[in-house]
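Student: Predicted model and sequence follow; I will ask about them next.
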Amino acid sequence: MPASETASPWGRRIAIVATCLVSLLVCCGLAWWQWDRFTSANGTFQNLGYVLQWPLFGLFPAFMFWRIRKLNQKAAAEPEAPRKAEVPAPRPRPVPERKHADEDDELAAYNRYLRELNARDQQAAE
């Protein structure tokens, strides 16, 4: 069995909560540092902006954990829709290449490229 299946779900939850708490504590410390910089003689309003942003950065991992959990619960609650049988797309008909006597190789390569693009567009439209 893979290690993720044998690991305790509580161990995973504790690791996630610990990561969220460490993130919040580090970011609050950085906010405090920016507040000290703002209140010093050479502080600017940019430092005040960081004071407001750092706690939000610290809360982001907790928000993402909450959001993913809610999406997983919603996906588990919805009945699984039956899948449609995938019908393979028809292959484009081969276009015979015609080479005119007055057509040079570079022009012929460009025309082949345009035909390939047209075939892709036709296939994508179907």
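Tutor: Sure thing, it's come through.
Student: Distance check, residue 46 against residue 25.
Tutor: Between residue 46 and residue 25 the distance, using Cβ to Cβ, to the nearest Å, works out to 23 Å. Where you see a C-beta, it was placed from the backbone N, CA and C, and this is true even at glycine.
Student: Then residue 80?
Tutor: The gap separating residue 80 from residue 25 is 41 Å, by Cβ to Cβ.
Student: Give me the longest helix you can find in the chain.
Tutor: Secondary structure assigned by DSSP state H gives helix 45-77 as the longest helix of the chain.
Student: Can you name every helix or strand that that one contacts?
Tutor: With contacts defined as 3 or more Cβ pairs under 8 Å, 6 or more residues apart in numbering; DSSP states H and E, the packing partners of helix 45-77 are helix 9-39.
Student: So what angle separates the directions of the helix it packs on and helix 45-77?
Tutor: What separates the directions of helix 9-39 and helix 45-77 is an angle of 160 degrees, with axes from the mean of the first three to the mean of the last three Cα atoms, to 10 degrees.
Student: Can you name every helix or strand that helix 9-39 contacts?
Tutor: Using 3+ Cβ pairs under 8 Å, 6+ apart as the contact criterion, the elements in contact with helix 9-39 are helix 45-77.
Student: Output the following helix or strand past the helix it packs on as PDB, restricted to C-alpha atoms.
Tutor: Toward the C-terminal end, the helix or strand that comes next after helix 45-77 (DSSP states H and E) is helix 105-125. Presented in PDB, the C-alpha positions along helix 105-125 are these (Å, rounded to 0.1, in the frame of the first residue of the first chain):
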ATOM      1  CA  ASP A 105       9.200  24.200 -52.700                       C
ATOM      2  CA  GLU A 106       8.800  27.000 -50.200                       C
ATOM      3  CA  LEU A 107       5.400  27.900 -51.500                       C
ATOM      4  CA  ALA A 108       4.400  24.200 -51.500                       C
ATOM      5  CA  ALA A 109       5.500  23.800 -47.900                       C
ATOM      6  CA  TYR A 110       3.500  26.900 -46.900                       C
ATOM      7  CA  ASN A 111       0.400  25.600 -48.700                       C
ATOM      8  CA  ARG A 112       0.700  22.200 -47.000                       C
ATOM      9  CA  TYR A 113       0.900  24.000 -43.600                       C
ATOM     10  CA  LEU A 114      -2.300  26.000 -44.500                       C
ATOM     11  CA  ARG A 115      -4.100  22.800 -45.400                       C
ATOM     12  CA  GLU A 116      -3.000  21.200 -42.100                       C
ATOM     13  CA  LEU A 117      -4.300  24.200 -40.200                       C
ATOM     14  CA  ASN A 118      -7.600  24.000 -42.100                       C
ATOM     15  CA  ALA A 119      -7.900  20.300 -41.300                       C
ATOM     16  CA  ARG A 120      -7.300  21.000 -37.600                       C
ATOM     17  CA  ASP A 121      -9.900  23.800 -37.600                       C
ATOM     18  CA  GLN A 122     -12.400  21.500 -39.300                       C
ATOM     19  CA  GLN A 123     -11.700  18.700 -36.900                       C
ATOM     20  CA  ALA A 124     -12.100  21.100 -33.900                       C
ATOM     21  CA  ALA A 125     -15.400  22.400 -35.200                       C
END
